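>>> Return atomic coordinates for the entry below.
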Amino acid sequence: MAAMAAVAVSRTSLCYFNPKLFLFPTKNSKPASVLNNRGLSTTITCVFSSLSSSIQENLGVGVGAVSQPCLSRNVVELLEERGLLESMTSDNLRSACSKPLKVYCGFDPTAESLHLGNLLGIIVLTWFHRCGHKAVALIGGATATIGDPSGKSLERPEIDPDALQRNTTGIANTMTRILGSSGSLVILNNYDWWKEVRLLDFLKNVGRYARVGTMMSKESVKKRLETEQGMSYTEFTYQLLQGYDFLHLFRKEEITVQIGGSDQWGNITAGTELIRKTLQQQDETEGGGAAAYGLTFPLLLKSDGTKFGKSEDGAIWLSPSMLSPYKFYQYFFSVPDADIVRFLKILTFLDMEEIGELERGMKSPGYIPNTAQRRLAEEVTRFVHGEQGLEDALTATQALKPGSDTALDWKMIEGISEDIPSCSLPLSGVLDSSIIDLSVSSGLLDSKSAARRLLKQGGLYLNNTRVDSETKRIQPQDIVDGKLLLLSAGRKNKVVVRISS
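Numbers count the residues shown, from 1 in each chain. Next up, the predicted model:
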């Protein structure tokens, strides 16, 4: 049995009258390569909910997200308990959650993959689904052409149409892979309605309700106006564009809740206020109507206040094509003890009792170091990359551990070679070379003296086997499948040596 997803990709003959502001339909279109930010509207219907967990695992779906929805738990109280609630536009959302709601979270396609900073939005959407509500992911195919100024000190560079399309497709694929098994997920693209919006209509129907003083009081605007670069009018309008998205979804899709990180508070309240003002007369005439709510969750920060989600190599991507499940797993495995309990609460779906047991275990005398980190890494990797991704990460982790008995083969090493340094050397430069010389020529260590010192300390490894003698020379049987070698300096520093022809 397999999950079926239909992705409708529509091509348009529309052009940007001003590609940094609004989109206008015209008859005299520019070349397609300039025009097409193809509308993407994807509806994914889950067929996994009724399957047993063992079948789900065999199918390789995101088991971490699978759960039969029910309204037995108030989602606001659940998020609050787990540290996933920052602010709400109204406390009435607590009681409103007693009935099924539609909730959305926006993701601007500024890169080909979502990153760790987006993961909290995906997790909160999943919690809403698990508590019986309808989850909607909105890709900002239109708003990405403007660029959200929230949390940015400089204006975002403009994205060309081809890159925007690649990014949109990549993010849709990531969302489908992670959330496609979490029930019924709808993926929308705001370009599908913005492509029909005319400037004069927007000013008349939306701009008239916006107050410049209120817009300037938003935190994202105030901070930018204090800088030397200031803020362009284009960026200044972003909050109105996101606000209109909420109004459109409120009217057309009956979505009443928008969620986002705490840095999105200004954009979210722009939407709730726009809905309130534009529908105020209608509500008074008809005796009231549905309310719109905003909810924010904290940004993903370490205990020292710095962002969690950056490594020495850059962002922690959610797409396996941009960051392997092995390296993703390793990132979470290295979380310090000071952050581990909080991350278990906000980044996993483990129940609070089990998290409490792990926390108490960390304080017990017989605690095995990194037990909690291992559980965190397993749960998050399973949610993002599925069972197969977790299995690949665990296999690579075990195989690359110095002293491991796991037999190495070149395919396994090649699979993770993008995550560790590598070099190419001719066979003549490798065979019969001393391990000391090879450690330096491969770039593993800076000098022969450093290599000798590490060897004496028992920290130099060839293909996971400790090297005990300086006289060790590379033999044909040391070259894995005749293709490469794995050198290690301690547990973390490794180099793959490829044999070039």
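
>>> Quick check: phi and psi at Cys105.
Here is the backbone geometry of Cys105 (degrees, to the nearest 10): phi -130, psi 140.

>>> Please renumber the chain so that the first residue is 14 from this point on.
All right, first residue 14 from here; so that's Cys118.

>>> so who does the closest residue to it other than its chain neighbours touch?
What sits nearest to Cys118 in space, not counting adjacent residues and going by Cβ to Cβ, 6 or more residues apart in numbering, is Gly134, at 4.3 Å. All C-beta atoms are positioned from the backbone trio N, CA, C, and that covers glycine. Gly134 makes contact with Cys118, Phe120, Ile272, Gly273, Gly274, Phe310, according to Cβ atoms under 8 Å, 6 or more residues apart in numbering.

>>> Among the residues you listed, which one sits closest to Ala406?
Distance to Ala406 across the contacts of Gly134 (Cβ to Cβ) is lowest for Phe120, with 24.5 Å.

>>> For beta bridges, what are the partners of that closest one?
Counting by DSSP bridges, Phe120 forms beta bridges with Ile152.

>>> pretty sure it contacts Gly153?
Yes: Phe120 is in contact with Gly153 according to Cβ atoms under 8 Å; the separation is 6.7 Å.

>>> follow-up on the earlier one: next, give me the two most distant ones among the contacts of Gly134.
Phe120 and Phe310 (14.3 Å).

>>> Of the two, which one has the most company?
Phe310 (24 against 21; other Cβ atoms under 10 Å).

>>> shouldn't the more buried one be in contact with Ser275?
Yes: if you go by Cβ under 8 Å, Phe310 and Ser275 touch, sitting 7.0 Å apart.

>>> The residue nearest to Leu151 when sequence neighbours are not counted and Glu483, how far apart?
Closest residue to Leu151 in three dimensions, ignoring its sequence neighbours and counting by Cβ to Cβ, 6+ apart: Gly119, at 4.4 Å. For Gly119, the distance to Glu483 equals 59 Å [Cβ to Cβ, to the nearest Å].

>>> Looking at those two, which one has more neighbours?
Gly119 (24 against 14).

>>> From the contacts of Gly134, pick the one nearest Ser513.
Closest to Ser513, out of all of the contacts of Gly134 and judged by Cβ to Cβ, is Phe120, at 42.0 Å.

>>> so Thr102 touches Gly284, yeah?
No: between Thr102 and Gly284 there is no contact under Cβ under 8 Å: 9.4 Å.

>>> shared neighbours, these two?
Joint contacts of Thr102 and Gly284 (Cβ under 8 Å, 6+ apart) are Ala305, Gly307.

>>> Could you pick out the longest helix of this structure?
helix 384-412 (DSSP state H).

>>> which helices and strands sit right next to that one?
helix 129-143, helix 174-192, helix 338-346, helix 350-360, helix 365-375, helix 423-429 (3 or more Cβ pairs under 8 Å, 6 or more residues apart in numbering; DSSP states H and E).

>>> circling back to that earlier point, list the residues that contact both of Phe310 and Ser275?
Glu99.

>>> one step back: out of the helices and strands packed on helix 384-412, the one nearest Glu266 is which?
Comparing these by Cβ to Cβ, helix 129-143 comes nearest, at 14.8 Å.

>>> from the middle of its chain, how far away would that closest one be?
Offset of helix 129-143 from its chain centre (Cα atoms, centre = their mean, to the nearest Å): 10 Å.

>>> tell me the angle of it relative to helix 338-346?
Counting by axes from the mean of the first three to the mean of the last three Cα atoms, to 10 degrees, helix 129-143 lies at 90 degrees to helix 338-346.

>>> ok, now which ones touch the most centrally placed residue in the chain?
Per Cα atoms, centre = their mean, the C-alpha nearest to the average position across the chain is that of His128, at 3.2 Å. Each residue near His128 by Cβ under 8 Å, 6+ apart is listed here: Gly322, Ala328, Ile329, Trp330, Leu331.

>>> 10 Å instead?
Thr187, Gly322, Lys323, Gly327, Ala328, Ile329, Trp330, Leu331, Ser332, Met335, Leu336 (Cβ atoms under 10 Å, 6 or more residues apart in numbering).

>>> That one pairs with what?
Trp330.

>>> Okay, now the unreliable bits of the stretch 64-213 of the chain?
By pLDDT under 70, the weakly predicted segments of the stretch 64-213 of the chain are 64-85, 164, 166-167, 194-197.

>>> tally of neighbours for Leu457?
Neighbours of Leu457 (other Cβ under 10 Å): 21.

>>> That one: what secondary structure?
Secondary structure for Leu457, judged by DSSP: H, G, I helix; E, B strand; the rest coil, is coil.

>>> Would you confirm that it contacts Lys507?
Yes: contact criterion Cβ atoms under 10 Å: Leu457 and Lys507 qualify, at 7.7 Å.

>>> Just checking, which helix or strand of the protein averages the lowest pLDDT?
helix 45-48 (a mean of 33; mean pLDDT, DSSP states H and E).

>>> Now for Glu431, how many residues are close by?
With other Cβ under 10 Å as criterion, Glu431 counts 13.

>>> err, Gly402, not the other one
22.

>>> ok, now which ones touch it?
Contacts of Gly402 (Cβ under 10 Å, 6+ apart): Gly73, Gly75, Arg190, Pro333, Ser337, Pro338, Tyr339, Phe341, Tyr342, Thr394, Arg395, Phe396.

>>> Tell me the buried residues within those residues.
Gly75, Arg190, Pro333, Ser337, Pro338, Tyr339, Phe341, Tyr342, Thr394, Arg395, Phe396 (16 or more other Cβ atoms under 10 Å).

>>> any idea how far Leu438 is from the fifth one?
What that stands for is Pro338. Counting by Cβ to Cβ - Pro338 and Leu438 are separated by 29 Å.

>>> Kindly report the same for the second one.
Distance, Arg190 to Leu438, using Cβ to Cβ: 38 Å.

>>> Same question for the third one.
Separation of Pro333 from Leu438 (Cβ to Cβ) stands at 29 Å.
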